[in-house]
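J.: missing the sequence, but the structure's below:
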């Protein structure tokens, strides 16, 4: 008797160059386009701006209700330290858990970044969506690509940071077709 292969979890990463934030814009644009078409899409998108002193300010926005979670700390103009606020990240995870509970058709997790590459951040949420069979889109910078591949065990699709490729992947997921 031949075993039926288990389908790969529906995970896709928009792969992009380090420091390029185009993927984050594409994730949000695609999620909004799908929402306007009636898809139940949930999750978090990343927006970057600046504190008054010029340091980067990072916020995550809940795709379903617009709630904003600040995930950075203003450490001062001279600081070179990582400004990620893990408390803010933990608070933002509530949006992902709610999207999972509500069984959205597509989840967006802003990125697989430093925290996830080190085994923290949203790794539990990525795994929970995959286990539930809910398609997940994320962005992965080149410097984290090997960590992403190890994390997923290779069970994911790598997409170029291009709107057409992203949208077509989503349509295939919705139709239940293999990628």
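T.: That came through fine. This is a predicted model, so every value here is computed, not measured. Numbering: from 1, shown residues only.

J.: now the helix or strand where residue 27 lies: buried residues?
T.: Per DSSP states H and E, residue 27 falls inside helix 22-36. By neighbour count on 16 or more other CB atoms under 10 Å, the buried set for helix 22-36 is 23, 24, 26, 27, 28, 30, 31, 34. Backbone N, C-alpha and C define where each C-beta goes, glycine included.

J.: now for the longest strand seen in the chain, which elements pack on it?
T.: Determined from DSSP state E, the single longest strand within the chain is strand 41-50. With contacts taken as 3 or more CB pairs under 8 Å, 6 or more residues apart in numbering; DSSP states H and E, strand 41-50 sits against helix 22-36, strand 56-62, helix 86-101, strand 106-108, strand 136-141.

J.: what is the burial count for residue 119?
T.: Close neighbours of residue 119, defined as other CB atoms under 10 Å, add up to 10.

J.: and it, what helix or strand is that in?
T.: Counting by DSSP H and E, no helix or strand carries residue 119.

J.: residue 73 versus that one, what's the distance?
T.: Residue 119 sits 21 Å away from residue 73, taking CB to CB, to the nearest Å as the criterion.

J.: next one: the spatially most central residue of the chain, what pLDDT does it get?
T.: Computing the C-alpha centroid of the chain and ranking residues by CA atoms, centre = their mean puts residue 109 first, at 2.2 Å. As predicted, residue 109 sits at a pLDDT of 97.

J.: what residues are up against it?
T.: 43, 44, 96, 122, 125, 126, 129, 136, 137, 138 (CB atoms under 8 Å, 6 or more residues apart in numbering).
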